[in-house]
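Peer 1: please find the sequence and the predicted model below.
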2 protein chains.
Amino acid sequence: MAQLPTVEDVAVLAGVSRQTVSNVLNTPEIVRPSTRERVQTAISQLGYHPHASARRLRTRQSSTIGIRLDPIANGVSGSVLDRFLHALTEHADERGMRIMLFTAHDPEDEIRQYRRLRDGADVDAFVLTETQYDDARIEWLAAERIPFVTFGRPWGSGRPNDPTRLWVDVDGRAGVRAATEHLAGRGHSRIGYLGWRGSSGLGDDRRRGWQDVMIETFGSTPGDLAALAMSTEEGVPTARVAIEQRLRNGSDLEALVCASDSLALGAMMAVREAGFPHFPIIGFDNTPVAKAVGLSSVDQQLEEVAAGILQLLMGATGRRVLPHGSESDDPRHRLITPRLVVRRSSQLEPVEDAAGIVPRR
Amino acid sequence: MAQLPTVEDVAVLAGVSRQTVSNVLNTPEIVRPSTRERVQTAISQLGYHPHASARRLRTRQSSTIGIRLDPIANGVSGSVLDRFLHALTEHADERGMRIMLFTAHDPEDEIRQYRRLRDGADVDAFVLTETQYDDARIEWLAAERIPFVTFGRPWGSGRPNDPTRLWVDVDGRAGVRAATEHLAGRGHSRIGYLGWRGSSGLGDDRRRGWQDVMIETFGSTPGDLAALAMSTEEGVPTARVAIEQRLRNGSDLEALVCASDSLALGAMMAVREAGFPHFPIIGFDNTPVAKAVGLSSVDQQLEEVAAGILQLLMGATGRRVLPHGSESDDPRHRLITPRLVVRRSSQLEPVEDAAGIVPRR
DNA sequence: AAGCGGAATTTGATCGTTCAAAGCCATTGC
DNA sequence: GCAATGGCTTTGAACGATCAAATTCCGCTT
């Protein structure tokens, strides 16, 4: 097998110098059109592609974004990461960036990996998921001035608008609001909410979406709300048990909004076994499972999230990662409005959905 | 922020030459112990890490494996890739390799991406999933002599034992056999099988596992088998419809083995709504959903698959990818025996499974 | 025709590492 | 006593690209 061609080979064939070939590739506008064309011809004639490692060494840019793959795909939501990764990879590719994976066993190990990847000049930036309250990883990356974006608001932190903290998140409140409004629009008023036990930024935000609608539309009192809200640990079986109990006590619920597809799936199993095959339920995440079982769900719009992350990291159209904390007038955060996907589970009569997405009225 | 240290910095501090530092890193056994120790001290003192791109340029090895992320997470099985990726990333890391993602819109585009990644010296090898009958991608990679391993046997190809075709696969027949035996062991004899319509390598292989047991244990005739076998398109709703019909016609089925968790989930929904909450069902893939809904399933042992892929690609303990078609006495294929995970769905009485995995008797 | 200035192109150096070959030094053999 | 040996270390070059500075080109003015 012949050696792969280099800039030199292209240069010789086109009768120009190395640098001109490089310019055609990186800053074509400064090369005279006739020359540019000649070089282009030589490039395609030789099937030349720049050597990524050589370029990375010289430019001191890896053009690579690192992302940690979580150790456990938790419940049915595991596939969120799956789809997010796909969207991120595709958008990154459009900007000449690559996605590199790594794993870590705990937050401390994760920081060790960051250091290793940074020191080895393997990645230019990181994308963080599953952000926690006062996340040690975030503090470390910021202190080291390594570019990064989090998928998820820095809930606990006292500085949600700190311009050095870039984040993209999904507006859960708006999503749950849309779901609740949809049910209200179909004539239901005793709409329950099944969320997570305890309080968390994410959980409180989503519940608020339901609460908003109940108060605005039905004038629910705190007492009403308390009577309609339920909470449990994340998971299908736990949700199922919770709803089974509720139904046993002669519940007057007419419909249900859930904080996740796992919860919704559990609830769905409970109501079906209790003999209410068409009890309306809406989940959150729009996982493949939701689609498979015909569960209405709030879609996080992962495509938009991925695009947003790259915009924060690289600017609107840039092809390289901006340095950490770089000056800019662009917003440092992005809140994506999710979209309700209506399926059989939220409609009174069984209805087939072919495309999976029913347009909003 | 200070520049990152280089070999030169380490060399000066340790009072040796560049190359000696390099040797300590790559071939420590040829360096005198006392020198080695001195260099090691200097390395950790400076927090030195080799610059990955420089090393890659010089060694002409990217130490990176490329894998395509499928465009659509198909059904509940989407998360198989998720878990596989995690296992692969972890095992690769142990051997100093990285996993890089890419996407493609169709097989033709995929080949274009291969070429691009190869020409840019971005990856040393590829891992292919979702192999097809007479896969064009496989032919192209082999013709270009690019190292690769497929996750999945080359079903159609006339040369399953061709030493230049490396593959790792899961023994579906053995897996379904174990599932069927488990049900037989619990006293069921009229065990049905729900597979995919039409014939495919994967589908036929799995069905054979069920068939084996039925013939060996119950002396089933071809007629018996035909009466107990069902098939449909992959998907939860299709399976649900299929089983609903079967139950409507007054079925005498006692238990069911399915070719996938999607099918099993659909079947589960059908039998539960029909009023058989404890009808035993076993799926295949052990997806997070199976765990969530308490569905017994055959686990593909993705950890072993990942380890096997790297062994074929890099040898038993090697730290670099072997050239395509390199001579070796090692086997070129690896058939992993999957493992049955027993949960409530396959047992007569509802049983909680805490750990998720019940040891084989 | 010489001088000027901006556009286009070339030249030399460099990124951080490893390869290939050479060098050094103490030991061994004759 | 001198060459040969072997273990360890150093030196010079190279991997393939881009950066920074120098040079050439070309049209236009004076």
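Peer 2: Looks like it arrived, so ask away.
Peer 1: from DNA strand C, how far out is the closest residue to DNA strand D within the stretch 151-300 of chain A?
Peer 2: Going by Cβ to the nearest atom of the strand, DNA strand D is nearest to residue A:166 of the stretch 151-300 of chain A, at 24.3 Å. From N, CA and C alone the C-beta is placed, and that goes for glycine too. For residue A:166, the distance to DNA strand C (Cβ to the nearest atom of the strand, to the nearest Å) stands at 27 Å.
Peer 1: quick one: that residue and residue A:315 touch, right?
Peer 2: No. Under the criterion of Cβ atoms under 8 Å, residue A:166 makes no contact with residue A:315, lying 11.6 Å away.
Peer 1: give me the more crowded residue out of those two.
Peer 2: residue A:166 (23 against 16; other Cβ atoms under 10 Å in any protein chain shown).
Peer 1: residue contacts, that one?
Peer 2: For residue A:166, the contact set (Cβ atoms under 8 Å, 6 or more residues apart in numbering or on different chains) comprises A:148, A:149, A:150, A:312, A:313, A:332, A:333.
Peer 1: try it again at 6 Å.
Peer 2: With contacts defined as Cβ atoms under 6 Å, 6 or more residues apart in numbering or on different chains, the neighbours of residue A:166 are A:149, A:312, A:332.
Peer 1: what's the closest non-adjacent residue to residue A:155?
Peer 2: Of all residues not flanking residue A:155 in the chain, residue A:201 sits nearest, at 2.8 Å (Cβ to Cβ, 6 or more residues apart in numbering or on different chains).
Peer 1: sorry, back to before: which ones among the contacts of residue A:166 map onto helices?
Peer 2: Here DSSP state H is the test, and these give residue A:312 as lying in helices.
Peer 1: and the contacts of residue A:166, which is closest to DNA strand D?
Peer 2: Nearest to DNA strand D among the contacts of residue A:166 is residue A:312, at 22.9 Å by Cβ to the nearest atom of the strand.
Peer 1: correct me, but the closest one touches residue A:149?
Peer 2: Yes. Here residue A:312 reaches residue A:149: they are 5.0 Å apart, a contact under Cβ atoms under 6 Å.
Peer 1: of the contacts of residue A:166, which is the nearest to residue B:259?
Peer 2: Compare each of these with residue B:259 using Cβ to Cβ and the shortest gap goes to residue A:149, at 40.7 Å.
Peer 1: could you list the low-pLDDT ranges of chain A?
Peer 2: Counting by pLDDT under 70, chain A shows low-confidence ranges at A:1-2, A:71-79, A:156-160, A:347-361.
Peer 1: tell me where chain A has helices.
Peer 2: For chain A, the helices defined by DSSP H cover A:7-14, A:18-26, A:33-46, A:52-59, A:78-94, A:107-119, A:136-143, A:172-185, A:201-218, A:222-228, A:236-248, A:261-273, A:288-293, A:302-314.
Peer 1: count of residues packed around the residue in the stretch 201-350 of chain A that DNA strand D sits nearest to?
Peer 2: For the stretch 201-350 of chain A, the residue closest to DNA strand D is residue A:320, as judged by Cβ to the nearest atom of the strand, at 9.5 Å. When neighbours are counted by other Cβ under 10 Å, residue A:320 registers 16.
Peer 1: against residue A:117, how distant is it?
Peer 2: With the distance defined as Cβ to Cβ, to the nearest Å, residue A:320 ends up 17 Å from residue A:117.
Peer 1: point out the residues in chain A that sit beside DNA strand C.
Peer 2: Selection of chain A residues close to DNA strand C by Cβ under 7 Å from any atom of the strand yields A:15-20, A:23, A:30-32, A:34-36, A:57-58, A:60.
Peer 1: one step back: mind putting the helices of chain A in JSON lines, mean neighbour count included?
Peer 2: Compiled in JSON lines, those are given as follows (neighbours: other Cβ atoms under 10 Å in any protein chain shown):
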{"stretch": "helix A:7-14", "mean neighbour count": "18"}
{"stretch": "helix A:18-26", "mean neighbour count": "18"}
{"stretch": "helix A:33-46", "mean neighbour count": "16"}
{"stretch": "helix A:52-59", "mean neighbour count": "19"}
{"stretch": "helix A:78-94", "mean neighbour count": "22"}
{"stretch": "helix A:107-119", "mean neighbour count": "16"}
{"stretch": "helix A:136-143", "mean neighbour count": "16"}
{"stretch": "helix A:172-185", "mean neighbour count": "22"}
{"stretch": "helix A:201-218", "mean neighbour count": "19"}
{"stretch": "helix A:222-228", "mean neighbour count": "13"}
{"stretch": "helix A:236-248", "mean neighbour count": "20"}
{"stretch": "helix A:261-273", "mean neighbour count": "27"}
{"stretch": "helix A:288-293", "mean neighbour count": "27"}
{"stretch": "helix A:302-314", "mean neighbour count": "22"}
